[in-house]
Every structure is written in C-alpha cells, then in structure tokens.
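J.: Just to be clear, the model below is a prediction. Sequence and coordinates:
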Amino acid sequence: MSELLAIVIGVLITIGVGVALFTAIPKLITTNIQSSRVALDLYASMVNNSAAAITVTLKNLGQIDIDGVEVLSIEVNGNRVTSATIICPDGKQTTLNSKIDIKLPPGMQTSFVVYIKSPYIRVGAKITMVVKAGNVVVHGTTTVMP
C-alpha cells in the first residue's frame, strides 16, 4: 500500500513540475525574443552624379536599451559600396563597419546620415543597407530620390 502511495505522489509531483515548466518556458522565450526589436527607415537623396546622402532612422521597439550601432554593408543596385562616411548624431564622422556610440532606450529613435559615393547612383537606384543595432541585425531598402 505504501509503495502505491509513493508512486502516486511521484506521479503528481512530476505532473506539477511539468505544468509549471510548460507555462513558464514559453513566456520566458517570448520575452527574450520581444526584448530586442528595431525598426529601420531609410531615405536616400542624390547629391550629385556619383554621390547620395542616406538618412537612417532607427527606432527601438524592444524592451531593452540598444548600446551601439554599426552599418555592416551598403549596396547600390546590388553592387557593394566599399567606402562611406557616417555622420553621427553628435557630429562626429566614422566609416563603414565602425561602431557608432548611440545609446537608444526603449521607445526612442535616432537618426544619422550616411554619405556614399558610387558610379551606380542615379535617380531610382535601389539602395540596400544592413545595420546592427545592439545585438539585432536589420536591413532596409530605399530608392534614390532627386
């Protein structure tokens, strides 16, 4: 009789632990995924026949601070741009693959300008940019306006 009672208690404890984990783990995974979300908005305007200025706007839609932004790559009509000047919000200038010192709390947004030169720049050219904000990598596409 005591062996049967021990088995029943063991099964009940196992079921209780399983139910607790079943409800806790999905919430934990969902919270971690939603804590890091970034919106990227691009606007490109032509400066001259071979240069464009891209206004990059980042908005932190997540629940944790974004610490540092990095422009990983830029393409004009599928052709990689090898050099670009990034004008940071504080007025400093940097280049591609350099970390920009931007602290972005949840719900806030910031903008910076990227100046690129390429022989492929013309009105209507497609520009694709990949940006790393904190630990999130996002990409966006825009077309060059006059």
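T.: Everything's here; your move.
J.: Tell me how this protein divides into domains.
T.: Listed domain ranges for the chain are 1-34, 38-145 (source: automatic domain parsing).
J.: from those, which stretch is densest packed?
T.: Most buried of the domains of the chain by mean neighbour count (mean count of other Cβ atoms under 10 Å) is domain 38-145; its value is a mean of 16. Placement of C-beta: from N, CA and C, glycine included.
J.: residues contacting the nearest residue to Pro105 once chain neighbours are set aside?
T.: The shortest distance from Pro105 to any non-neighbouring residue, by Cβ to Cβ, 6 or more residues apart in numbering, is to Asp65 (5.4 Å). Asp65 is in contact with Lys103, Leu104, Pro105, Pro106, Gly134, counting by Cβ atoms under 8 Å, 6 or more residues apart in numbering.
J.: pLDDT score assigned to Asp65?
T.: We note a pLDDT of 89 for Asp65 in this prediction.
J.: Next, please give the residue ranges for the strands of the chain.
T.: Using DSSP state E, the strands of the chain run over 38-48, 51-60, 66-76, 79-80, 84-87, 93-95, 99-104, 109-117, 126-133, 136-145.
J.: between these, which one is nearest to Thr23?
T.: The closest approach between Thr23 and any of the strands of the chain, judged by Cβ to Cβ, belongs to strand 136-145 at 27.4 Å.
J.: For the closest one, list the C-alpha coordinates in PDB.
T.: Written as PDB, here are the backbone C-alpha positions of strand 136-145 (Å, rounded to 0.1, in the frame of the first residue of the first chain):
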ATOM      1  CA  VAL A 136      19.900  42.900 -33.600                       C
ATOM      2  CA  VAL A 137      20.700  42.900 -37.300                       C
ATOM      3  CA  VAL A 138      18.200  44.600 -39.600                       C
ATOM      4  CA  HIS A 139      18.100  45.600 -43.200                       C
ATOM      5  CA  GLY A 140      16.200  48.100 -45.300                       C
ATOM      6  CA  THR A 141      15.800  49.200 -48.900                       C
ATOM      7  CA  THR A 142      15.000  52.500 -50.400                       C
ATOM      8  CA  THR A 143      15.400  54.200 -53.800                       C
ATOM      9  CA  VAL A 144      17.400  57.300 -54.600                       C
ATOM     10  CA  MET A 145      15.300  60.400 -55.000                       C
END
